[in-house]
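Colleague: Task: produce atomic coordinates for the following.
(one chain, ligands or ions: 1)
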Amino acid sequence: MTVKPIIKMGNPTLRRIAAPIDDPTTPEIQALVAEMRASLEAVGGVGLAAPQIAVSRRLVIFEVPAERAEAEDGDAAEPVGSTVLVNPVITPLSDEVEMGWEGCLSVPGLRGLVPRHTHIRYTGLTLEGAPVDVEATGFHARVVQHECDHLDGILYPQRMTDLRYLVYEEEVPAFMEGLKADAEMAEAEKEKADD
Ligand code: NI
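Modeller: Numbering: from 1, shown residues only. I've put the predicted structure just below:
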């Protein structure tokens, strides 16, 4: 199956509102999913939205392997098998929002700290046209929100509330060390002030 190039931030397709899919069972859509799977597998990652291979349709694929879910959420891990979601609709189930690190194949090399709802419900259709109705928390919920944003022309940096937390991947360890050092310094200052 053809591996398609993944388009990057700045490409106008990534800013468009993607069109709904009337019938997910057509050969055209089956072929699109096969191409998306091949393209995601070729580069590695937890999810991909159709617009990222320049097809402006409302379809996302994702998968959260157990190891990744545990690394992100520990005991609350919610692994997800290979999933195809057509015409997804997300409803937040609480007002709680959590910051977490994200990357995106269309924004290569960067990571950012992004606020997302911690508990959502998502509906849509499977590739066979069956209804989907799922509750998700933690990283599972984050992945779905990230992928579905692509269908509305939104990339994660646009969701960020503090662009000081947009960093190059290779600087992440140093950045985290720096944050820790800052926090320790602030704590020491506070103790001094309390004396
Ligand atoms: Ni993305």
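
Colleague: When you work out contacts or count neighbours from here on, use the C-alpha atoms and nothing else.
Modeller: Fine.

Colleague: Next up, the contacts around the most centrally placed residue in the chain.
Modeller: For the chain, the residue nearest the mean C-alpha position is H146 (3.1 Å; Cα atoms, centre = their mean). By Cα atoms under 8 Å, 6 or more residues apart in numbering, H146 lies in contact with L155, Y156.

Colleague: Give me the distance between it and A193.
Modeller: 42 Å (Cα to Cα, to the nearest Å).

Colleague: Next, the buried residues of the longest strand seen in the chain.
Modeller: Secondary structure of the chain per DSSP state E: the longest strand is strand 80-92. Under the neighbour-count criterion of 16 or more other Cα atoms under 10 Å, strand 80-92 has V84, L85, V86, N87, P88, I90, P92 buried.

Colleague: Save those as TSV, and put in distance to D22 and pLDDT too.
Modeller: What follows is the buried residues of strand 80-92, written out as TSV (distance: Cα to Cα, whole Å; pLDDT from 0 to 100):
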residue	distance to D22	pLDDT
V84	15	98
L85	13	98
V86	10	98
N87	9	98
P88	13	98
I90	19	98
P92	25	98
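
Colleague: Now for those: which two are most distant?
Modeller: V84 and P92 (20.1 Å; Cα to Cα).

Colleague: Show me where the chain has its strands.
Modeller: Using DSSP E, strands in the chain cover 47-49, 59-64, 80-92, 97-102, 110-117, 119-125, 131-137, 166-168.
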